[in-house]
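> heads up, no residue letters with this:
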């Protein structure tokens, strides 16, 4: 686990609150990786384009963040 990422215990506590991955064409991105990328942005205050590569493409993390915002995932 790196700085700004969820521990295994934290992930186990919240993973059921996240929606199931969408099934279209490509394999869905890992929810934990997307969440860790979002947390990195929130905690550092960096622009999305500066997201480290270990979290995947910044555009993918940004789209997932927006989708979860629209569907109320963050409110839950």
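Cool, got the structure. Predicted, not measured: the structure shown is a model, and the values here were computed from it.

> can you list the low-confidence ranges for the chain?
Filtered on pLDDT under 70, the chain yields the residue ranges 1, 21-28.

> okay, now residue 68: neighbour count?
Neighbourhood size, residue 68 [other Cβ atoms under 10 Å]: 19. (Glycine included, C-beta is placed from N, CA and C.)

> where's it relative to residue 3, distance?
Residue 68 sits 22 Å away from residue 3, going by Cβ to Cβ, to the nearest Å.

> please apply the same query to residue 38.
In this view, residue 38 and residue 3 are 15 Å apart by Cβ to Cβ.

> between these two, which has more neighbouring residues?
Remark: of residue 38 and residue 3, residue 38 carries more neighbours, 20 against 7, as counted by other Cβ under 10 Å.

> check which helix or strand covers the more buried one.
helix 31-44 (DSSP states H and E).

> point out the other elements, helices or strands, that the very next helix or strand once past that helix touches.
Sequence order places helix 58-70 as the next helix or strand after helix 31-44, per DSSP H and E. Counting contacts by 3 or more Cβ pairs under 8 Å, 6 or more residues apart in numbering; DSSP states H and E, the secondary-structure elements packed against helix 58-70 are helix 31-44.
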